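Visitor: Prediction below, plus the sequence it came from.
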Amino acid sequence: MNSKLTLYIDKKVITKAKQYARKNKTSISEVVEKFLESLVDNHNKYSIAPITKELSNIIVKKPKKINYKREIEDYLISKYDL
């Protein structure tokens, strides 16, 4: 039996979740339901559910640190064939 649940979620997250659901031919309700099931499933208590791994890709990852001095040096070396 299904029941109604009201959630308050950031609009940006909702937009990305809708895109994810559309891409995977499912609904937001089903995505949330599978996620919640994975949280309470005793068999997967300490492992990350596949849906969680997929949803984690929505989060913007920090860019790696760039050594700007090295990048400029490499550029100048290649530019002037040193």
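Guide: Arrived safely.

Visitor: Have a look at this structure and report the helix or strand with the lowest mean pLDDT.
Guide: helix 50-56 (a mean of 70; mean pLDDT, DSSP states H and E).

Visitor: after that helix comes which helix or strand?
Guide: For helix 50-56, the following helix or strand on the C-terminal side (DSSP states H and E) is helix 68-79.

Visitor: mind saving the C-alpha coords of that following helix as CSV?
Guide: In CSV, the C-alpha atoms belonging to helix 68-79 read as follows (Å, rounded to 0.1, in the frame of the first residue of the first chain):
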residue,chain,number,x,y,z
TYR,A,68,49.9,27.1,-11.9
LYS,A,69,53.6,27.9,-11.9
ARG,A,70,54.3,24.5,-13.4
GLU,A,71,51.5,24.9,-16.0
ILE,A,72,52.9,28.3,-17.1
GLU,A,73,56.4,26.9,-17.3
ASP,A,74,55.2,24.0,-19.4
TYR,A,75,53.3,26.3,-21.7
LEU,A,76,56.3,28.6,-22.2
ILE,A,77,58.6,25.7,-22.9
SER,A,78,56.3,24.3,-25.5
LYS,A,79,55.6,27.8,-27.0
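
Visitor: chain center to that helix: distance?
Guide: 33 Å (Cα atoms, centre = their mean, to the nearest Å).

Visitor: Show me where this protein dips below the pLDDT cut-off.
Guide: 41-49, 53-54, 56-63, 82 (pLDDT under 70).

Visitor: before we move on, what SS does residue 19 have?
Guide: helix (DSSP: H, G, I helix; E, B strand; the rest coil).

Visitor: And for it, the neighbour number?
Guide: The tally of other residues near residue 19 (other Cβ atoms under 10 Å) stands at 11. All C-beta atoms are positioned from the backbone trio N, CA, C, and that covers glycine.
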